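1. Show me how the following folds:
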Amino acid sequence: MNIGKRSFLLGLGLLLAGCAGAGPTESMLDEASRNSVVIQSVSVDGSALGATTEGQQVPSSTAVRILEEEAARLVGQGAGATPTVVVIKLESVNLISAAQSILIGGESVMKGTVSLVNARNGQVIIPPQEIDAGGGGWVLGGIVGAATRDDPATELRQMSAEFVDRTQVLILGM
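-> Purely as a prediction, here's the structure:
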């Protein structure tokens, strides 16, 4: 394989590695455990983020606030008597920039971990599991791709909603 082809494939692989992958398809808990928990609260930790998101720069506090708003719908879910806390630790938020849209296209991606903790005794029920979520879908490269990108607030809302959907599947299987 010549160097040009090899470089292209390496670049393509790195590009695709930054995209949101498939989410969980079932709960990490067995049926009895799923039926014993109820989500009492959600904690979102954005301390691993810098002051702003990557790509388009939006205050990281905005990304955390929007994820907290979306995650509030998890509270009260579950049919059990054991109160739990969903712990979300954001690791990165990358909002696709106009330059990336023009040059190669891509997708905005939010990455973090989710764990489930017993609210009474602090026991970890589900250890940290990686979750990633995309916003706005794949944007084609070129002028059309740059022109059709969603605004940052919309992409943050979309990524947060998908992140919470994936969290719900991970914990409750639904």
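
2. Show me which positions of the biggest helix by length in the chain end up buried.
-> Determined from DSSP state H, the single longest helix within the chain is helix 152-172. The neighbour-count check on helix 152-172 (16 or more other C-beta atoms under 10 Å) flags 152, 155-172 as buried. Heads up, the C-betas are built off the backbone N, CA and C, glycines and all.

3. Please work out the average pLDDT along stretch 67-87.
-> When pLDDT is averaged along stretch 67-87, the result is 97.

4. quick one: contacts of it?
-> Stretch 67-87 is contacted from outside by 34-45, 88, 90, 110, 114-120, 125, 128, 156-157, 160-161, 163-164, 167-168, 171-172, using C-beta atoms under 8 Å, 6 or more residues apart in numbering.

5. In PyMOL, select just the buried ones from those residues.
-> Selection of buried members from the contacts of stretch 67-87 for PyMOL, criterion 16+ other C-beta under 10 Å:
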select buried, resi 34+36+37+39+40+42+44+88+90+110+114+115+116+117+119+125+156+157+160+161+163+164+167+168+171+172
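
6. Show the contacting residues for residue 127.
-> Counting by C-beta under 8 Å, 6+ apart, residue 127 has contacts residue 115.

7. Good, wrapping up.
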